[in-house]
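Undergrad: quick check, what structure comes out for this input:
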Amino acid sequence: AHSGSECLELASYLRPDLVLLDVVLPDIDGIAVCRQLKQNTDLTDTFVVLLTGKKTHSDQKAVGIHTGADDYIARPLGNKELLARVGLLLDMRHQRRAIRESERQYRLLFENMINGFTLHDIICDEGGAPVDFRFVAVNPAFEKLTGLTGETLLGKTVQTVLPETEKNWIEGLGRVARTGASVEFEHFSEAFDRHFLIMVYRPAPQRLACIVQDISGRKHSEKRVKRALELSESKEREIAALLKGARAVLELDDFQTIARKVFDLCCEVIGAQSGYVALMSDDGQENEVLFLEAGGFPCDVDPELPM
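TA: Numbering: from 1, shown residues only. As a prediction, this is how the structure comes out:
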C-alpha cells in the first residue's frame, strides 16, 4: 500500500497476519492507521508493527504502543534483525490464535454441556481446613438443574446461597480440596428434591470444580423396577402357596389337618405370626373355631380350643 487509506482497504479485504506500517504516510499518519486497524473487529488477530526512519523519542513510541501497535521499530535496522522480530511476532500471533481457539472451544463446551458445572474458590479457616466454597463460574446446565442463576451465585459462598446444604457434602468437598484426589458420589439434595451424581476434582490449588448430573429419573426407574420385582416375587409366593394348598386338599383326608396346612401357608405368604381358622355358617356367622395360633402372644380365649 502507498497510503494509509489504501492500507486500511487492503487490510480489510486480505486480513493479513501482520502489517508493517510506516509512521509517516502521505495522507494519514501511521499511528492513526494503526488505531483504525485495531478497532476493526475483523482484524483482531492481525499484528501491527510501526516503522520509522526518524529518531524517535520514547514518548512517541509509547503513543504508538498505546494505540495498539504490537511493536515499534526505529531504523536503521538490519534486514535480518527485522525479519527475526517479524518472525517472533508471527509466532506470538499464532500462539495467541491457538489460545483464543482453545478458549472458544472451552466456552462452547462449558455453555452447551448437558451436565451442570461449577467452579469454586476454596475458603479455609485459620487452621487451613476448607470450610466453604465461593462460586467462581456456573454453566447454563447447572442453572437449569437448580433454578439458580449465575447472578445470584457468582462471588457468593455455597453456605450463603444454600444454607441448608448438608454438612457431609461440605466435608466431602473439603477432602478433595485437601488431598487433590478426585471423587465421584451420588447425593440426594433435600433442597432441590433431586438425586445427583457428582464428580469433584481440584483443577488448580485453591480451586475446586464439580460436574453435576441429575440422576433422579434413573433413581425413580430403579425404584419402580425394585417395586415391580417385589410384587412379582410376592405373586410367585402366593401362587406357590395356592399350589401347596391345593395339593394338601387333594392328598390329605382329615379336614382339620387340611385347614391347618392352609393356615400355615397363608401365614408364610403374608408373614403373620398368629390367627385362627373357623368354619362359617350359611348366614356368614362363625360356626366353629377349628384351632387358634397365638404365636407366643398372651391369649385368654377358650382354653378348650385346639392350639
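
Undergrad: when you work out contacts or count neighbours from here on, use the C-alpha atoms and nothing else.
TA: Fine.

Undergrad: can you point me to the longest helix in the chain?
TA: helix 216-251 (DSSP state H).

Undergrad: what's downstream of it, the next helix or strand?
TA: Using DSSP states H and E, the next helix or strand after helix 216-251 towards the C-terminus is helix 255-270.

Undergrad: quick one: list the elements packing against that next one.
TA: In this structure, helix 255-270 packs against helix 216-251, strand 275-280, with contacts taken as 3 or more CA pairs under 8 Å, 6 or more residues apart in numbering; DSSP states H and E.

Undergrad: which secondary structure element is home to the residue nearest the centre of the chain?
TA: The residue lying closest to the centre of the chain (CA atoms, centre = their mean) is residue 212, at 2.3 Å. Assigned by DSSP H and E, residue 212 falls within strand 207-214.

Undergrad: likewise residue 94?
TA: Under DSSP H and E, the secondary-structure element containing residue 94 is helix 79-112.

Undergrad: run the chain-centre distance for the longest helix of the chain.
TA: Mean C-alpha position of helix 216-251 versus that of the full chain (CA atoms, centre = their mean, to the nearest Å) differs by 38 Å.

Undergrad: can you pull the buried residues of that helix?
TA: 237-238, 241-242, 245, 248-249 (16 or more other CA atoms under 10 Å).

Undergrad: stretch 15-24 now?
TA: Of the residues in stretch 15-24, those with enough neighbours to count as buried (16+ other CA under 10 Å) are 17-19, 21-24.

Undergrad: where along the stretch 1-150 of the chain do the helices fall?
TA: Defined through DSSP state H, counting those that start in this stretch, the helices belonging to the stretch 1-150 of the chain, from first to last, are 4-14, 30-39, 58-66, 79-112, 140-146, 150-153.

Undergrad: what packs against the shortest one?
TA: Secondary-structure packing of helix 150-153 (3+ CA pairs under 8 Å, 6+ apart): strand 130-138.

Undergrad: if you set the cut-off to 10 Å instead, what comes out?
TA: Using 3 or more CA pairs under 10 Å, 6 or more residues apart in numbering; DSSP states H and E as the contact criterion, the neighbours of helix 150-153 among helices and strands are strand 130-138, helix 140-146, helix 158-161.

Undergrad: okay, the helices and strands packed on helix 255-270 in a markdown table with distance to residue 177 and mean pLDDT next?
TA: As requested, the helices and strands packed on helix 255-270 are exported to a markdown table (distance: least, CA to CA, whole Å; pLDDT from 0 to 100):
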| stretch | distance to residue 177 | mean pLDDT |
| --- | --- | --- |
| helix 216-251 | 27 | 86 |
| strand 275-280 | 60 | 75 |
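
Undergrad: save those as JSON lines, and put in distance to residue 145 too.
TA: Written out in JSON lines, the entries for the helices and strands packed on helix 255-270 read as follows (distance: least, CA to CA, whole Å):
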{"stretch": "helix 216-251", "distance to residue 145": "11"}
{"stretch": "strand 275-280", "distance to residue 145": "52"}
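
Undergrad: which one of the ones you listed lies nearest to residue 61?
TA: Taking CA to CA as the criterion, residue 61 comes closest to helix 216-251 out of those, the separation being 62.2 Å.

Undergrad: now that closest one and helix 255-270, what's the angle there?
TA: 170 degrees (axes from the mean of the first three to the mean of the last three CA atoms, to 10 degrees).
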